[in-house]
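In: what's the 3D shape of this:
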Amino acid sequence: MKQISFVIILFSLLFIKNIYFISGIILLLWIISLKDSFKLTKRVIKSIFLFNFGVTLGSLIIHHNIEYLIYINLKVFSITYFVFWFFSKNNMIQFFSFSKDLSYLLTITLSQIYSYKKTFEDFRLAYKSRVIKKLKQNENQFITKTFEFFLKKALKDSKERSLALKSRGFFD
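Out: You can find the predicted model right below:
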């Protein structure tokens, strides 16, 4: 039942064309999530900022239509806010339990996220403990090396994950 209501609400948000109605839905979502609204809003903005900035800039260059820009940004914000709010109240693993394949993919994805998050935190703490005076050059070097490490790790891990998925029949 949760899956059906989630899909219905998500598709409803996708097909709304009125800026004022989308704004009203955002206001309703803020009211529903009153105690978590600031935290959720902050998470949503952090997660969509780069995407929305790129789309907004591109649309501004192509369309020159401010109303369209507001519409697109509100729509992305409302959908992202709804998804974040929904999964803060519902267990994601239980939500996808209706499908063995989706549950497996979700488990692999979450294990990767937590593994990368822990590795990054370890890097950050190691950097903090070894550097007394932070120099911009050292910090840039740390960021570059960390990015390089994660890029190589992601490429290596993707090959392993792809083989694991193939062996379980996900690809032809």
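In: and the gap between the residue nearest the centre of the chain and residue 132?
Out: The centroid of the chain falls nearest to residue 47 when counting by Cα atoms, centre = their mean (5.5 Å). Distance from residue 47 to residue 132, counting by Cβ to Cβ, to the nearest Å: 34 Å. Where you see a C-beta, it was placed from the backbone N, CA and C, and this is true even at glycine.
In: got it, and residue 61?
Out: 46 Å.
In: ditto for residue 35
Out: Noted for residue 35: a distance of 40 Å to residue 132, by Cβ to Cβ.
In: same question for residue 45.
Out: In terms of Cβ to Cβ, residue 45 sits 34 Å off from residue 132.
In: who has more neighbours out of the two?
Out: residue 45 (13 against 6; other Cβ atoms under 10 Å).
In: and the more buried one, what does it touch?
Out: For residue 45, the contact set (Cβ atoms under 8 Å, 6 or more residues apart in numbering) comprises residue 77.
In: after the helix or strand hosting it comes which helix or strand?
Out: Following DSSP states H and E, one finds residue 45 within helix 37-62. On the C-terminal side of helix 37-62, the closest following helix or strand by DSSP H and E is helix 66-89.
In: so which elements touch that following helix?
Out: Helix 66-89 is packed against helix 2-15, helix 19-32, helix 37-62, with contacts defined by 3 or more Cβ pairs under 8 Å, 6 or more residues apart in numbering; DSSP states H and E.
In: save those as a markdown table, and put in distance to residue 162 too.
Out: Output for those, formatted as a markdown table (distance: least, Cβ to Cβ, whole Å):
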| stretch | distance to residue 162 |
| --- | --- |
| helix 2-15 | 28 |
| helix 19-32 | 37 |
| helix 37-62 | 26 |
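In: where does residue 98 fall, helix, sheet strand or coil?
Out: Per DSSP: H, G, I helix; E, B strand; the rest coil, the local secondary structure of residue 98 is coil.
In: look up the pLDDT of the residue lying closest to it once chain neighbours are set aside for me, please.
Out: In this structure, residue 98 finds its nearest non-sequential neighbour in residue 3, 6.4 Å apart by Cβ to Cβ, 6 or more residues apart in numbering. Residue 3 is assigned 77 on the pLDDT scale.
In: again, but for residue 12
Out: Reading off the model, residue 12 has pLDDT 85.
In: quick one: low-confidence ranges for this structure?
Out: For the chain, residues meeting the criterion pLDDT under 70 lie at 1, 134-137, 171-172.
In: nice, that's everything, thank you.
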